[in-house]
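K.L.:
From the sequence below, what's the structure:
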Amino acid sequence: MDLVIRPADPAEYTALGEITAQAYLQDGLLDFGENDAYLGELRDVARRAAHAEILVAVRGDVLLGGVTFVPAGGPMADIAGPGEAEIRMLAVARAGRGQGAGEALVRTCADRARALAGCHGLVLSTQPTMHAAHRIYERLGFHRTPHRDWNPLPDLLDLALLTYELTL
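P.N.:
Modelled structure (predicted):
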């Protein structure tokens, strides 16, 4: 069966939230494990959907993963400036990895950003240990923007997020 990227159905929000949370937990990306405050944000797909576009990757009736696409100027943006869209919370279930879902989700975000009037870039933040994701970004033409690297919790953790940009 073919891989399909489409907007998430609200009935999928709970499952997608759990896929996202488990991807971050299983990959060791949350410093406080199950007690990490960010885990609640990862699971709260409905809140993200109120302010951004949630896309999912499915094969048949199997939900493989999803991403939050933030159009230019959206309230869910972390680093996007004027004329930039942003990718957030890309996650693929362990069982769905290696099937092209992550790359297809990123490609779809790039296509959506290109379709936005006045949008000239697509940006994202990533953790230094997300090597498979970095390979996808670089293969699709994203380049590192070290001058934009940042720490979302400077008072609590030494967590420098790396940033990437795709010029459209």
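
K.L.:
can you pull the buried residues of the worst-scoring helix or strand of the chain on mean pLDDT?
P.N.:
One helix or strand of the chain scores below all others by mean pLDDT, DSSP states H and E: helix 38-43, with a mean of 84. By neighbour count on 16 or more other C-beta atoms under 10 Å, the buried set for helix 38-43 is 38-39, 41-43. In short, each C-beta sits where N, CA and C put it, glycine included.

K.L.:
Against Arg94, how distant is Ala85?
P.N.:
28 Å (C-beta to C-beta, to the nearest Å).

K.L.:
And Ile19, by the same measure?
P.N.:
Counting by C-beta to C-beta, the gap from Ile19 to Arg94 is 9 Å.

K.L.:
Those two: which has the busier surroundings?
P.N.:
Ile19 (25 against 12; other C-beta atoms under 10 Å).

K.L.:
Which secondary structure element is home to the residue nearest to Ala93 when sequence neighbours are not counted?
P.N.:
The shortest distance from Ala93 to any non-neighbouring residue, by C-beta to C-beta, 6 or more residues apart in numbering, is to Ile19 (4.7 Å). Using DSSP states H and E, Ile19 maps to helix 13-26.

K.L.:
Quick one: residues in contact with that helix.
P.N.:
8, 29-30, 33-34, 38-39, 42-46, 49, 54, 56, 63, 65-66, 89, 91-94 (C-beta atoms under 8 Å, 6 or more residues apart in numbering).

K.L.:
on that earlier part again, which one among the buried residues of helix 38-43 gets closest to Met76?
P.N.:
Glu41 (10.0 Å; C-beta to C-beta).

K.L.:
show me what contacts the closest one?
P.N.:
47-48.

K.L.:
Now do it against Asp111, distance only.
P.N.:
26 Å.

K.L.:
Next: Arg94.
P.N.:
26 Å.

K.L.:
those strands in this structure, which residues are they?
P.N.:
3-7, 53-59, 62-70, 84-92, 121-126, 143-144, 162-167 (DSSP state E).
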